[in-house]
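1. Prediction below, plus the sequence it came from.
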Amino acid sequence: MNVMLAVATAAALVGGGALAIKSADDTRAIEADYLQQAQVAPQRLVIAIDLSKSNPLIDDPDFAAKVGARVADEVRGLGFASEVHVRTFGNYDAESNNFHYDAVLSVRNRPDEVAAEIQKLIAGTPILVQQGKWKAQGHTNILAFMDNVSQAIGCSGLPTTIVLASDGIEDSEYARLEHADAHLPAPDGKPFAGCAELQILGLGEGDHSPSETVRLRGEWTKWSRAAGFAHFQGLNDW
């Protein structure tokens with residue numbers, strides 16, 4: 001049975017678990033898919049959805065659809081035995097962000113199936129917020145969220161990419177990046193040593209300021225390198 005992440009059944013993922021493929025008679029297609037995916041080295045992908053009020057993702061369906069499509073492409077490129085983790089963040093409390101989904105890709109949990117459902121989930125974020133299933137949040141605790149990821153998931157064992165669907169505007173006790181003279185604090189050591197990449201999709205989106213996007217990219221580039229990421233990509237649009 002195929003577990004859908006569409007808006008009507010998004011709650012089915014709460015508590016984690018694995019997605020099962022649709023029942024299919026064409027075993028040859030499954031075998032071909034298996035052989036192709038088995039050629040790709042496993043990776044780890046952490047997908048984080050920013051539910052703070054400053055992030056246009058929560059109320060702009062067109063932008064949410066664009067982010068969902070790009071993230072889905074990342075998932076489709078993963079091989080079997082890859083890990084996929086989905087979280088939300090914003091306020092610094094577990095009650096506001098109790099959604100989580102974790103899967104290991106396999107012949108019964110195929111990359112294309114998982115990608116399609118995660119795409120629906122991200123594209124459906126504005127509706128989830130509008131319906132009150134997800135709460136728009138008053139703060140943007142990116143750094144605190146990243147600290148939790150480093151402790152709970154980390155970078156060991158598999159090449160790891162973290163994708164933040166966020167405007168990148170930290171708004172917490174650590175920094176208020178909406179102020180032009182604000183800076184991100186240096187990380188404590190290298191909590192993401194060995195991690196392949198940090199991506200922020202939607203950097204500065206909503207401010208309509210190219211210079212602001214450049215400033216934010218500079219802040220996150222410096223922070224990500226100091227934290228141990230091999231590469232940083234901050235995109236306002238694509």
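-> Good, I have the coordinates.
2. which residues of this structure fall in helices?
-> With DSSP state H as the criterion, the chain has helices at 27-38, 61-76, 111-123, 125-130, 142-152, 210-227.
3. Out of those helices, the one nearest residue 46 is which?
-> Nearest to residue 46, of all the helices of the chain, is helix 142-152, at 6.1 Å by Cβ to Cβ. No exception for glycine: its C-beta is placed from N, CA and C like everyone else's.
4. by contact count, what packs against the closest one?
-> Judged by 3 or more Cβ pairs under 8 Å, 6 or more residues apart in numbering; DSSP states H and E, the packing partners of helix 142-152 are strand 44-50, strand 83-89, strand 160-165.
5. So which of those is nearest residue 135?
-> When the helices and strands packed on helix 142-152 are compared by Cβ to Cβ, strand 83-89 sits nearest residue 135, at 9.5 Å.
6. angle of that closest one against helix 111-123?
-> Put simply, strand 83-89 runs at 0 degrees to helix 111-123, going by axes from the mean of the first three to the mean of the last three Cα atoms, to 10 degrees.
7. can you tell me the average pLDDT over stretch 201-220?
-> If you average the pLDDT over stretch 201-220, you get 95.
8. Over to stretch 150-164?
-> 97.
9. just how off-centre is that stretch within its chain?
-> 12 Å (Cα atoms, centre = their mean, to the nearest Å).
10. same check, this time on stretch 209-218
-> Distance of stretch 209-218 from the chain centroid (Cα atoms, centre = their mean) equals 21 Å.
11. Check stretch 92-99 too.
-> In terms of Cα atoms, centre = their mean, the gap separating the centre of stretch 92-99 from the centre of its chain is 16 Å.
12. Can I get that stretch in CSV, CA atoms only?
-> Output of stretch 92-99 as CSV, limited to C-alpha atoms (Å, rounded to 0.1, in the frame of the first residue of the first chain):
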residue,chain,number,x,y,z
TYR,A,92,12.5,26.5,19.7
ASP,A,93,10.2,23.9,21.2
ALA,A,94,9.4,20.3,20.4
GLU,A,95,5.6,20.9,20.5
SER,A,96,5.7,23.3,17.6
ASN,A,97,7.7,21.0,15.5
ASN,A,98,6.8,17.4,16.2
PHE,A,99,6.6,16.3,12.6
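13. Need the residues that contact that stretch.
-> The contact list for stretch 92-99, computed with Cβ atoms under 8 Å, 6 or more residues apart in numbering, reads 13-14, 51, 86-91, 134-135, 137, 139, 141, 144, 172.
14. Give me the average confidence score over it.
-> Confidence for stretch 92-99, expressed as mean pLDDT, is 90.
15. now the closest residue to residue 135 other than its chain neighbours: how far from residue 151?
-> Distance criterion Cβ to Cβ, 6 or more residues apart in numbering; nearest residue to residue 135, sequence neighbours excluded, is residue 96 at 6.1 Å. Counting by Cβ to Cβ, to the nearest Å, the gap from residue 96 to residue 151 is 19 Å.
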